[in-house]
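Novice: Structure of the sequence below:
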Amino acid sequence: MSGEIDYGNLMHDAMRGLIRSVMERVAEDGLPGEHHFFITVDTGHPDMQMADWLRDRYPEEITLVVQHWFENLVVDPNGFAITLNFGNSPEPLYIPFDAISTFVDPSVEFGLRFELQHDDEDDDEDDDEAPMMEDAPREEKSADVVSLDQFRK
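Specialist: Predicted coordinates:
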């Protein structure tokens, strides 16, 4: 057993548990009121399931909108399956919770952002290091940052 508490991984597990709980509620009762989600996902995640044409179009990440039309939402401990509409073409997806980099509900100005790490041979960082949250000290890297301001009415 390690002599340290891994707060980073514990916090990420808790935040992903929150997303799981929200998605379970939506699967059971639908989206209440004006709630809707923008979910940015790492399309290169090994457990991400999507149509080849979508992966070709979005080889690194995709932002999914769960709002007016979705179906077949099923949540399991590791992720969720959902069918979304892409240009009048319903497409089934499976999104692992640990492939999510941002989860935003602009109707209530709520958002979570995860720093996802990839196992690259050229990566000098320790492979055992936990992913860092947005407000944790971290070396600056270029990334698209979701600002809640763009979703305000």
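Novice: Below-threshold pLDDT in this structure: ranges please.
Specialist: Low-confidence segments of the chain, defined by pLDDT under 70, are located at 1-2, 116-153.
Novice: Can you tell me the SS state at the nearest residue in space to residue 27 that is not next to it in sequence?
Specialist: Leaving aside its sequence neighbours, residue 27 sits nearest to residue 73 (Cβ to Cβ, 6 or more residues apart in numbering; 4.3 Å). From N, CA and C alone the C-beta is placed, and that goes for glycine too. Put simply, residue 73 is strand when judged by DSSP: H, G, I helix; E, B strand; the rest coil.
Novice: Show the contacting residues for residue 73.
Specialist: Under the criterion of Cβ atoms under 8 Å, 6 or more residues apart in numbering, the contact list for residue 73 reads 23, 26, 27, 80, 81, 82.
Novice: what's the most distant pair in these?
Specialist: In those, two members sit farther apart than any others by Cβ to Cβ. They are 26 and 81, at 12.7 Å.
Novice: neighbour-wise, which of the two wins?
Specialist: Remark: of residue 26 and residue 81, residue 26 carries more neighbours, 20 against 15, as counted by other Cβ atoms under 10 Å.
Novice: Residue 55 versus the more buried one, what's the distance?
Specialist: The spacing between residue 26 and residue 55, counted by Cβ to Cβ, to the nearest Å, is 25 Å.
Novice: So for stretch 47-66, what gets flagged as buried?
Specialist: Buried positions in stretch 47-66, judged by neighbour count with 16 or more other Cβ atoms under 10 Å: 48, 50, 54, 61, 62, 64, 66.
Novice: didn't residue 77 look like it was pressed against residue 20?
Specialist: Yes. Applying Cβ atoms under 8 Å as the test, residue 77 and residue 20 come out as touching, 7.4 Å apart.
Novice: Counting neighbours, go ahead and name the busier of these two.
Specialist: residue 20 (17 against 7).
Novice: Let me see the contact set for the more buried one.
Specialist: Counting by Cβ under 8 Å, 6+ apart, residue 20 touches 75, 77, 80, 97.
Novice: Kindly report the same for residue 36.
Specialist: Neighbour list for residue 36: 65, 66, 67, 68, 105, 106, 107 [criterion: Cβ under 8 Å, 6+ apart].
Novice: Of these, which is the nearest to residue 3?
Specialist: residue 105 (38.2 Å).
Novice: does that closest one have beta-bridge partners, and which?
Specialist: Beta-bridge pairing of residue 105 under DSSP bridges involves residue 110.
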